[in-house]
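Undergrad: Let's see this in three dimensions:
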Amino acid sequence: MVDARIVQTTTALHTAIVELASSTPVSSITVADVTRAAGINRATFYSHATSPGSLLVDVLTPDLDAIRSGDYELRETSALDAPSITRKGMERIVDHVVKYKDIYRLALPDALDASTHRVLARHFEISCLEHLDRHEATLPEGASAPLVAGFIAHGLVGVIETWLSGKRTSRKTLVDNMVLMFPTWWG
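TA: This is a model prediction of the structure:
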């Protein structure tokens, strides 16, 4: 059983970083800002995270992992075709981005702390590599799976960043464009 104090501290830290990162770029958030907002001391902070950016990654990662797991489950158990499942996955990613839109709007273009950009790109990269490994998608001759995954991952992050920072289009338009980025051989 997990100590209730650890759960309470983790919740306070997660709440604090979400509130702070919703209004301030991650690179401008100090450990002192987080500890003050969470009502804890520095030693306690460092027993949970190495930086405000790493703490934010700890908040975002479980949500992204759940999306990936849901995609795998659909691919294994659903009667839906592969393009429909890919679209559902992109819809869930957009829901996640919208849930944390203020954070992503500030964090993705933050040149001084790329942790949020990296966590989203890494999610897409792992998802792509595992999809290529698990499913019938056949890479074109000479294509490298890690390079293809990196290309798709960073392209998707770029589309999201542009959508958040530019003239807003609908969520449907964002999903449509994300799905269009996938190669025809994706499966």
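Undergrad: and stretch 87-97, how far out from the chain's middle?
TA: Put simply, stretch 87-97 sits 10 Å off its chain's centre (CA atoms, centre = their mean, to the nearest Å).
Undergrad: buried sites along that stretch?
TA: For stretch 87-97, the neighbour count (16 or more other CB atoms under 10 Å) marks 87-94, 96-97 as buried. (Each C-beta comes from the backbone N, C-alpha and C, glycine too.)
Undergrad: could you dump that stretch to PDB, C-alpha only?
TA: Only the C-alpha atoms of stretch 87-97 are listed here, as PDB (Å, rounded to 0.1, in the frame of the first residue of the first chain):
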ATOM      1  CA  ARG A  87      -8.200   8.400 -36.600                       C
ATOM      2  CA  LYS A  88      -9.600   7.500 -33.200                       C
ATOM      3  CA  GLY A  89      -6.100   7.600 -31.800                       C
ATOM      4  CA  MET A  90      -5.500  11.000 -33.300                       C
ATOM      5  CA  GLU A  91      -8.900  12.200 -31.800                       C
ATOM      6  CA  ARG A  92      -7.800  11.100 -28.400                       C
ATOM      7  CA  ILE A  93      -4.400  12.900 -28.800                       C
ATOM      8  CA  VAL A  94      -6.300  16.100 -29.800                       C
ATOM      9  CA  ASP A  95      -8.500  15.600 -26.700                       C
ATOM     10  CA  HIS A  96      -5.400  15.400 -24.600                       C
ATOM     11  CA  VAL A  97      -3.900  18.500 -26.200                       C
END
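Undergrad: can you list contacts of it?
TA: Contacting residues not belonging to stretch 87-97 are listed as 63-64, 67, 70-71, 74, 80, 104, 127, 156, 160, 164, 171, 174-175, 178-179 [CB atoms under 8 Å, 6 or more residues apart in numbering].
Undergrad: among the residues you listed, which ones are buried?
TA: Buried among the contacts of stretch 87-97 by 16+ other CB under 10 Å: 64, 67, 71, 74, 104, 127, 156, 160, 164, 174-175, 178-179.
Undergrad: Mind checking which of those residues are in helices?
TA: Secondary structure from DSSP state H places 64, 67, 71, 74, 104, 127, 156, 160, 164, 174-175, 178-179 of the buried ones among the contacts of stretch 87-97 in helices.
Undergrad: Can you name the residues that contact the residue minimising distance to the centre of the chain?
TA: The C-alpha lying nearest the average C-alpha coordinate of the chain belongs to residue 120 (CA atoms, centre = their mean; 3.4 Å). By CB under 8 Å, 6+ apart, the contact list for residue 120 reads 60, 64, 104, 108, 156-157, 160.
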